[in-house]
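> sequence? don't have it. structure:
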């Protein structure tokens, strides 16, 4: 597959290579995964995306591992197999245990099921779930 | 909206009322929300769903509040507005702060964006993200 | 809501009115629902859609009521609340019982749940589920 | 692919093997497909899912083959290729003919198209499609 | 993969072969892609789909290349990898440059992100975005 | 609806008000729509999103009106009714004619239909649609 070439280091331009270097440094690994090698065709977008991911996924009010679980949940619902694979790897690297993975799957499955039931029943939102508006 | 009547206590049959009672006891509140009142047309399914939610969403290897965040993430990606409203209310009831909510939204938005980029680029899964198979 | 005006009979042009007439005749009812009144801005597309729906949804190898169940299933998964409402009404008009509706919801919910589990696990398709190719 | 190992009989624990046995008995076949081998990492969830599928997909007010068609419809709209493959195989095993398959595809395609049109037009739900509420 | 055989010219029936011929003539290429070879199991549906695509995707008020961009956008959001691949090829054949492709991806990613934010916030539609209704 | 308050100018903090000012200046209108008023709870995210939208949606290799069409296409497929409404208004403001709108809807509907057919048939990607890889 792939709509564009997955660029090797040799094929990537200097600006993309500089992002590869940042990725390698941040992860302490020489490996750069296919997503970044595909994004390398547009170094400006690649750079902006990498910077934003760093800001969004780092430690804050939520734990970085929890953020990976949320990422997996969205990726699953959006049917992005690549993203499910890469962020499950990332969650494991950040300490996700098999028990936590199993519970994550259970919540995702439960949510998918009740989302469908709610939609098929056309349930109207309870007034108390809405923020007060003037 | 609603494809079926949202049943009042007077309209619900005894088996559904018994689930209403469980919901009230578990939440320490007399209020029963529309999802359960719509599900009350099928007391057996309603009962099974309530029991499973109790098992899945309770404390385990993941914190109950984190489970609500995952639920919101899936519901957002599935476009279930009702579910987003009800589980955001649940997450707040379990302690989600405005800062955590803001970070949740940032992760959901980031994931949605990169999911789309990955799909539009057709990025193949890196071998190292796959579990070894014989 | 609505991105375009929901046209009244007075506002619709003659070609759209002719499709309204076909709809009224086919259903034995004077009521023309909002979808067709929104589509009436583009009479050619409206006509083609109505004709195709007639061909696709009529009796054939599958029962017309079963076709409505399939329509509801797709509409639920796509999060189209309007379509869920209109096709649940259509399924009831074609004889769907409350018991059949309950079973439909159970299958939709089950499928949504296992779809999510399969995606979150990245399960590869078994060779025996694929059609033989040279 | 696969986020977890697809477990062989040798790798599965006794509780998972017991579910494999139930699957083999129910289907009259020694073959256990990848979904169950992936689920085998969490025998409790696997068992619960198998039991629920048995209840939901068996004969009732709807025919088991019709239930498979609904399953395929949901799986298609959710973009779950594995599920489309496995449930198309199941539908065939339960008697789905090529003509019925062709009509299923036509209904799924029609629904997907009109779902999109309705959403792009923002069509409001007709009052008569909503269940009466107090 | 594939749920049905991808039919060769030898396996396709005369009515399907006639559509293959139309495809070859329209594209000035002997190659017929897998989608049409899979659709060839239902020549009537195949024919109708090909004719409609010709009408919809040809020149009109929108440029044919722009229509391919819209097609890619929908296919990405629906997670249809095949469609993303085939319509990116079609867009390139109609003149899409790498710069236009990069901007397309940026818009798709931006839309996916804000779609998620809007849904997660439950933002109500502003009155001024709705068409006036009586 | 709404999960958070839609903030008035009086409720928004100075940093959010500064973004409101930028929005008003860019659009030459005093009106600030609900999305931005909901985002105003997180001024940093709001600011970053507004800046990125300006970069992504402005003139470049693609026309700004075409970018709005792509936005509508993604929003439709993602079922974001708010986004469909707001970006259809934006497309009209940038010159989209009723004929272009009708063609947009036709392409979106066609894509949704064939996306579903491709997925339901499990069509494998043709080698010629993939970028060459080593």
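That came through, no problem. Nothing here was measured: the structure is a model prediction, and the numbers come from that model.

> how about chain A: which residue is closest to chain B?
The nearest approach of chain A to chain B comes at residue A:77, 3.3 Å away (CB to the nearest CB). All C-beta spots, glycine's among them, are computed from the backbone N, C-alpha and C.

> quick one: neighbours of that residue, just the number.
29 (other CB atoms under 10 Å in any protein chain shown).

> which residues touch it?
Contact partners of residue A:77, counting by CB atoms under 8 Å, 6 or more residues apart in numbering or on different chains, are A:108, A:112, B:73-74, B:76-78, C:116.

> touching, residue A:109 and residue C:117? I think so.
Yes - using CB atoms under 8 Å, residue A:109 is in contact with residue C:117, at 5.1 Å.

> need the contacts of residue A:77 in JSON lines with pLDDT and secondary structure, can you?
Below are the contacts of residue A:77 laid out as JSON lines (pLDDT from 0 to 100; DSSP: H, G, I helix; E, B strand; the rest coil):
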{"residue": "A:108", "pLDDT": "98", "secondary structure": "helix"}
{"residue": "A:112", "pLDDT": "98", "secondary structure": "helix"}
{"residue": "B:73", "pLDDT": "98", "secondary structure": "helix"}
{"residue": "B:74", "pLDDT": "98", "secondary structure": "helix"}
{"residue": "B:76", "pLDDT": "98", "secondary structure": "helix"}
{"residue": "B:77", "pLDDT": "98", "secondary structure": "helix"}
{"residue": "B:78", "pLDDT": "98", "secondary structure": "coil"}
{"residue": "C:116", "pLDDT": "98", "secondary structure": "helix"}
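
> ok, the residue in chain A that chain D sits nearest to - contacts?
Going by CB to the nearest CB, chain D is nearest to residue A:79 of chain A, at 3.9 Å. Taking CB under 8 Å, 6+ apart, we find residue A:79 in contact with C:119, D:78-80, E:79.

> just the ones of those in helices?
Using DSSP state H, residue C:119 are the members of the contacts of residue A:79 that sit in helices.

> host element of residue A:2?
Using DSSP states H and E, residue A:2 sits within no helix or strand.

> look up how far chain F lies from it.
5 Å (CB to the nearest CB, to the nearest Å).

> how many residues are close by that residue?
Taking other CB under 10 Å as the neighbour definition, residue A:2 ends up with a count of 19.

> look up how far residue B:123 lies from it.
Using CB to CB, to the nearest Å, we find residue A:2 at a distance of 6 Å from residue B:123.

> identify the contacts common to the two.
Jointly contacting residue A:2 and residue B:123 under the rule CB under 8 Å, 6+ apart are A:34, A:38.

> nearest residue to residue A:98 in space, please, no chain neighbours.
Spatial nearest neighbour of residue A:98, chain neighbours left out: residue D:41 (7.0 Å); criterion: CB to CB, 6 or more residues apart in numbering or on different chains.

> list the contacts for that neighbour?
Listed by CB under 8 Å, 6+ apart, the contact set of residue D:41 reads A:98, A:102, D:4-5, D:7.

> filter those down to the buried ones.
A:102, D:4-5, D:7 (16 or more other CB atoms under 10 Å in any protein chain shown).

> return the closest of the residues you listed with respect to chain F.
The nearest member of these to chain F, counting by CB to the nearest CB, is residue D:4 at 22.7 Å.

> quick check: pLDDT value at that closest one.
If you check residue D:4, the pLDDT there is 96.

> how about it, phi and psi?
phi -130, psi 160 (degrees, to the nearest 10).

> among the contacts of residue A:77, which pair sits farthest apart?
Taking CB to CB as the measure, those reach their widest spread between B:76 and C:116, a distance of 14.0 Å.

> okay, the two: which has more neighbours?
residue B:76 (33 against 29).

> quick one, what contacts the more buried one?
Applying CB under 8 Å, 6+ apart, the residues near residue B:76 are A:74, A:77, B:84, B:108, E:116, E:119-120.

> these into CSV, with extra columns for distance to residue D:30?
Converted to CSV, these look like this (distance: CB to CB, whole Å):
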residue, distance to residue D:30
A:74, 38
A:77, 34
B:84, 45
B:108, 43
E:116, 44
E:119, 45
E:120, 46
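
> are any of those buried, and which?
Neighbour counting over the contacts of residue B:76 (16+ other CB under 10 Å) leaves A:74, A:77, B:84, B:108, E:116, E:119-120 as the buried ones.
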